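Enquirer: my questions are about this predicted structure, shown below with the sequence.
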Amino acid sequence: MSAPAGEAPSSGYASIFVEEDLSTAEVDRLEAVHRPLADSVRELVDATIRTTVDDEEVAAVRAEVDALVARLRARQIEGAAGVRYNAEGRTWSWGNAVVGERNALAPPLDVVRDPDGLVHADTLLGAAYEGPPGMVHGGVGALLLDHVMGVTASARKRVTFTGTLTMRYVRSTPLGPVRLESRIDREEGRKVFVVATLADPDGVTVEAEGVFIVPRWAA
Ligand SMILES: CCCCC/C=C\C/C=C\C/C=C\C/C=C\CCCC(=O)SCCNC(=O)CCNC(=O)[C@H](O)C(C)(C)COP(=O)(O)OP(=O)(O)OC[C@H]1O[C@@H](n2cnc3c(N)ncnc32)[C@H](O)[C@@H]1OP(=O)(O)O
C-alpha cells in the first residue's frame, strides 16, 4: 500500500484511526459492560475444545450459541472495530487480536510500562493456544511478542509498524503462565530496535528482536 508522502494511506489505516465523541468515562463504562462478555466467550472457546459431553448435548449447545449470536447481531457495526480515540487522548481498539477488550480470541493480557522503559505483561495460555502437544503455538508466541514490542516502540504515543521481526525459539513453551518482557535497544532515525523475551516460570523460552518503523506518513 503506498500513499503520497506525509499522508496516511487513503484506504485502510486512515479510516480506522477514528476520532469519536465519547467521554473517557463512557468508554470505561462500555468496557466494563463488554469485557465480561468476552471473558465468558473465552471460557466457551476453552470448553468447546475440552468438552466430552455426548453428541446430542453438543448439538443442543450449538443451537443455543447460534441463537445468542443472532441476538448480538441484531445491532452491530460495519466491519472491524478499528482504533479510536477521543479528545481527551484516550484510545481504544476493542477488536485488537492481542488486547481487544471485546475480543475473546485475545488472551487476557495487561501490558505494563515501567518508568525505566521495561514493558512487561503476564498471562495464562490455555488449550486454545496450543501448537505442539501441551505447548504454546509458535505463532501465538510471535503474536504476543509482536504486540508487546509494538507497544514498547510506540512510547510517547508515536505510531510504529512492525518492519522486521526475528524469533529464536530456545525451547518449547508449556501452556500455562507466561511472561513477556520488552525494551527499546536503540533508535536510528525512524527505526526503533526492540528486544524482548517470552518466558515460562523456569525462564526464557523465546528471544525476539524487532525493527519497528515510524511510517513516513506519520513522522
Ligand atoms: C498497527 C496499529 C497501530 C495502532 C496504534 C494505535 C495507537 C498508537 C498508540 C499506541 C500504540 C500501541 C500499540 C502498538 C500496537 C501493536 C503492535 C502491532 C504492530 C503491528 O502489527 S503492525 C502491522 C504489521 N506491519 C505492517 O503492516 C507494516 C507494513 N509496511 C509498511 O507499512 C511500511 O513498509 C513501513 C511503515 C514498515 C515502512 O514504510 P516507510 O515508507 O515509512 O519506510 P521507508 O522506505 O521510508 O524506510 C525507512 C527506513 O526503514 C527501513 N525499512 C523499511 N521497511 C523495513 C522493514 N520492513 N524492515 C526493516 N527495515 C525497514 C528502511 O530501510 C529505511 O531505513 P534507512 O533510513 O536506514 O534507510
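Expert: Arrived safely. Computed from a predicted model, the values in this text were never measured in an experiment.
Enquirer: and the pLDDT for residue 84?
Expert: Note for residue 84: predicted pLDDT of 93.
Enquirer: now do the one 3 residues further on
Expert: According to the per-residue confidence, residue 87 scores 94 in pLDDT.
Enquirer: and the next helix or strand past the lengthiest strand in the chain?
Expert: Under DSSP state E, the strand in the chain containing the largest number of residues is strand 176-188. The element immediately downstream of strand 176-188 (helix or strand, assigned by DSSP states H and E) is strand 191-200.
Enquirer: that following strand: which residues count as buried?
Expert: By 16 or more other C-beta atoms under 10 Å, the buried positions in strand 191-200 come out as 192, 193, 194, 195, 196, 197, 198, 199, 200. Any C-beta I mention is one placed from the backbone N, CA and C, and that applies to glycine too.
Enquirer: let me know whether it sits next to the ligand.
Expert: Yes: residues of strand 191-200 are located near the ligand by C-beta under 6 Å from any ligand atom, namely residue 191.
Enquirer: each with direction, which strands does that strand pair with?
Expert: Here strand 191-200 has these sheet partners by DSSP bridges: strand 176-188 (antiparallel), strand 203-213 (antiparallel).
Enquirer: so the residue of the chain most remote from its centre, which of the three states?
Expert: What lies farthest from the middle of the chain is residue 56; by C-alpha atoms, centre = their mean that is 35.4 Å. Local secondary structure at residue 56 is given as helix here, using DSSP: H, G, I helix; E, B strand; the rest coil.
Enquirer: and it, what does it touch?
Expert: By C-beta atoms under 8 Å, 6 or more residues apart in numbering, no residues touch residue 56.
Enquirer: would you list every one of the helices in the chain?
Expert: All helices of the chain, identified by DSSP state H, fall at 13-16, 24-50, 55-73, 138-153.
Enquirer: of those helices, which is nearest residue 92?
Expert: Across the helices of the chain, the minimum distance to residue 92, taken as C-beta to C-beta, is reached by helix 24-50, at 5.6 Å.
Enquirer: can you put the buried residues of strand 191-200 in CSV and add pLDDT?
Expert: Listed next are these as CSV, based on pLDDT from 0 to 100:
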residue, pLDDT
192, 97
193, 98
194, 98
195, 98
196, 98
197, 98
198, 98
199, 98
200, 98
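Enquirer: and which of those is nearest residue 208?
Expert: Once C-beta to C-beta is applied, the member of the buried residues of strand 191-200 that ends up nearest residue 208 is residue 196, at 4.5 Å.
Enquirer: who in the protein is up against the ligand?
Expert: If contacts are counted using C-beta under 6 Å from any ligand atom, the residues of the chain sitting beside the ligand are 83, 91, 146-147, 150-151, 154, 157, 159, 161-164, 189-191, 211, 213, 215-216.
Enquirer: who's in contact with the nearest residue to residue 182 once chain neighbours are set aside?
Expert: The shortest distance from residue 182 to any residue other than its chain neighbours is 3.7 Å, reached at residue 196 (C-beta to C-beta, 6 or more residues apart in numbering). Under the criterion of C-beta under 8 Å, 6+ apart, the contact list for residue 196 reads 145, 148, 149, 152, 180, 181, 182, 183, 207, 208, 209, 210.
Enquirer: show me which of those residues are buried.
Expert: Applying 16+ other C-beta under 10 Å to the contacts of residue 196 flags 145, 148, 149, 152, 180, 181, 182, 183, 207, 208, 209, 210 as buried.
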